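> coords below, sequence missing:
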């Protein structure tokens, strides 16, 4: 018999169906054996009655995470037995049980509170838990929405190489790869390639892994993460990029509201409202506010401390009712070589960071598009233009004013759902001490 | 004035517009200066008349690949001047020209015949040529169609790590990465992770870079390429995966017909018809046909030579009117450890390759889902199960029958468009001697 997905059972009341999935849990009530079955669409309670000896025996044998196929009758539950939630009013009477895959005894119950290391050591199992699945469903919806929105805006997707020679962000934090007798690096961003691609398609995006060989071990850093990148030509200035990000986020949250309400509810998390226009202020303005409101003088600093990012997000929520705030015009000396200086505010960058719920989730900017200016900027940063001659061709042969942004998928997921640690929003996080399992010393 | 895209000019005849883009070419006809302007949506001819001194001077100065913004009047051309193709009936009279980005003199004309090394050395420029842009537009449509189809079929996208410890395909062909005092590897496929994810979401897909440290230098191999991967649970056998691939390809070609007819025309390439059911035969059957038709006896071989793949594709075209053919049941000893043996045909794999226009574009199979069988299979291949203990958890804790496939995006693009070399379908190809520029010795 063709398989029925659990979400569709409500259309089959009083009918025989075949369902397949994992035993979520078994409960024995005297002679009645209850199995909760889980498939990719939902969960349902099943019961084995003692008058069906074969099904009853099979149900008694089955344990958590066994994979089974069940032919059964879809019944409604008596009113007083109806439970909250999906299929709480249904029950399948098992008529025939087929074991598709056995499981050993679990080292812990799925859904038990685990410390992070135990959770990570056991990901092939722990990812099956309801909340973990919710996180990565949300993540899949975010990345799909990101791409769909951009395709609708005339952006062309491109595949950025990860194996590179010189890195735009400098060599200190890049991983080395043995490449046929040479040393290559893992890209920290698709920056140079997305700029090149503006010359080809004007508007481009790329989604893929990027690498940071940082020895950080915090709740917000990863050594391998997924970067959502766009770059767009013929902009007026960096505010065109800010407006595009504003619209990207509005689209993503619209999609999340349509597709992930249950997942957000599971975390007690709210899908943020994206303002028509996300508030923006210059770093110096933000620093003055911090000084005035907290007494802390950070007006001489070239960047924001984590505590200041959190403060500014609280401020934006309070003053502008916004979960998002752009902080622009960081000192150009602290920004990468390709950042465009603001002609009307010399010394400061045309671009900035987007803060969301206490943390920076995006860096964006207009880029230098004039060849001579770009070469000079490299020299000012102590970089050798000769090493970037491949990239520099794009600028030698005509580039429009352009800019772009990078958005960390895992960080965004973390903040949307209010998770504590970005590793909870990363399927298989790599860190200083771990690639899947702890690295042995 | 707001920018008008070139594709929309036909709706603005007799109006003043602002267009922006790259000078494709300048032609001087006495006092008339013609510029072809190119933006991401098309090309249009513009003319500068001598009576507008300022615009005329600007047009005379502009050269190929200069980026300009032009305010101009959209005119229809006199009937005898109408040319074939997009906007062949239009011309913009330049009223005002603004230079947005200058370009140095090009090392060669865009569109000139170049040898591959010159083409690759100058990618930031050569990718701007019409045919190159067509290739990567087609590629973007393929990958977008792939994802959209699968989302519609209930597949969940996941982000596969590329930095790994042990590789499913064995260590010989993997690149080494210095990872905080350890040696990590670049994944040759997301195989182990997509199987793990079947335990989480049943049906998953992933798109991303994979790495082969092969010293090949052929027209079909790359050291970094984009793999389109799916894995699906609760299959009957490998034919469910074959049927899914059949439908994926039908959807991709439908999208290509809708969106890329002009790009295919540029190459004189035909978008293939995907049969309702792609023909399939076992390797032994294929070898008998090769023997009978060509006299060459390869019936003892465990695999197909490139020449035999080409022959079988010709055969499928002739006999079944299909550009595609599945060759199944390779000897299990020659397949990776996770491949499922056919119980009804011992010694042979439940799966095979998809050939398309002379070349293998996919390997697919049912996988082993029973823990003990999988561990034994590893041992038979000389692999240490202890090194795969992270992955093996998925099988310890209940896995359904499942299978999947990997499809090389660049190879598929190459074959769709009839390109000679897979490097023409790779934006920034890496090989033995090249990361962007040739590696110095």
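Received the coordinates, thanks. On a predicted model such as this, the values are computed, not experimentally measured, just so you know. Numbering: from 1, shown residues only, chains lettered A, B, ... in the order given.
> in the biggest strand by length in chain A, what counts as buried?
Assignment by DSSP state E gives strand A:16-29 as the longest strand of chain A. By 16 or more other CB atoms under 10 Å in any protein chain shown, the buried positions in strand A:16-29 come out as A:17, A:19-26. Using the backbone N, CA and C atoms, a C-beta is placed for each residue, glycine as well.
> stretch A:385-401 now?
Applying 16+ other CB under 10 Å to stretch A:385-401 flags A:385, A:388, A:390-401 as buried.
> cool, and stretch A:279-293?
A:279-284, A:286-287, A:289-290.
> what sits up against it?
Residues outside stretch A:279-293 that contact it (CB atoms under 8 Å, 6 or more residues apart in numbering or on different chains): A:242, A:296-299, A:301, A:304, A:308, A:311-312, A:315-316, A:319-320, A:322, A:324-331, A:345, A:348, A:352.
> check stretch A:239-250 too.
A:146, A:149-150, A:153, A:230, A:232, A:235, A:274-275, A:277-278, A:280, A:324, A:326, A:328, A:351, A:354, A:362, A:364-366, A:403-405, A:407.
> re earlier: helices - which of the contacts of stretch A:279-293 land there?
Here DSSP state H is the test, and the contacts of stretch A:279-293 give A:242, A:308, A:311-312, A:315-316, A:319-320 as lying in helices.
> show residues contacting stretch A:216-228.
A:143, A:146, A:189-190, A:205-214, A:359, A:406-412, A:414, A:420-423, A:426, A:429-433, B:159, B:161-163.
> end to end on it, go ahead and measure it.
From its first residue to its last, stretch A:216-228 covers 22 Å (CA to CA, to the nearest Å).
> and the average pLDDT for that stretch is what?
Averaged across stretch A:216-228, the pLDDT comes to 90.
> same question, stretch A:261-276
Across stretch A:261-276, the average pLDDT comes to 97.
> buried stuff in it?
Quick answer for stretch A:261-276 (16+ other CB under 10 Å): A:263-264, A:266, A:269, A:271-272, A:274-275.
> ok, stretch A:293-301 next?
Buried residues in stretch A:293-301 (16+ other CB under 10 Å): residue A:298.
> residues from the stretch 251-400 of chain A in reach of chain B?
Taking CB under 8 Å from any CB of the partner chain as the criterion, the stretch 251-400 of chain A approaches chain B at residues A:369-371, A:389-391, A:393-394, A:396-400.
> can I get those residues in a markdown table with pLDDT and secondary structure?
Formatted as a markdown table, these follow (pLDDT from 0 to 100; DSSP: H, G, I helix; E, B strand; the rest coil):
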| residue | pLDDT | secondary structure |
| --- | --- | --- |
| A:369 | 98 | coil |
| A:370 | 98 | coil |
| A:371 | 98 | helix |
| A:389 | 95 | helix |
| A:390 | 96 | helix |
| A:391 | 97 | helix |
| A:393 | 98 | helix |
| A:394 | 98 | helix |
| A:396 | 98 | helix |
| A:397 | 98 | strand |
| A:398 | 98 | coil |
| A:399 | 98 | coil |
| A:400 | 98 | coil |
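> farthest pair within those?
Farthest pair in these (CB to CB) is A:389 and A:400. Separation: 21.0 Å.
> lowest average confidence, helix or strand, in chain A?
Least confident helix or strand, chain A: strand A:437-438 with a mean of 92, by mean pLDDT, DSSP states H and E.
> who are the packing partners of that strand?
Strand A:437-438 sits against helix A:116-121, with contacts defined as 3 or more CB pairs under 8 Å, 6 or more residues apart in numbering or on different chains; DSSP states H and E.
> what is the helix or strand following the helix it packs on packed up against?
With elements assigned by DSSP states H and E, the helix or strand that comes after helix A:116-121 is helix A:123-126. Counting contacts by 3+ CB pairs under 8 Å, 6+ apart, helix A:123-126 packs against helix B:191-201, helix B:389-396.
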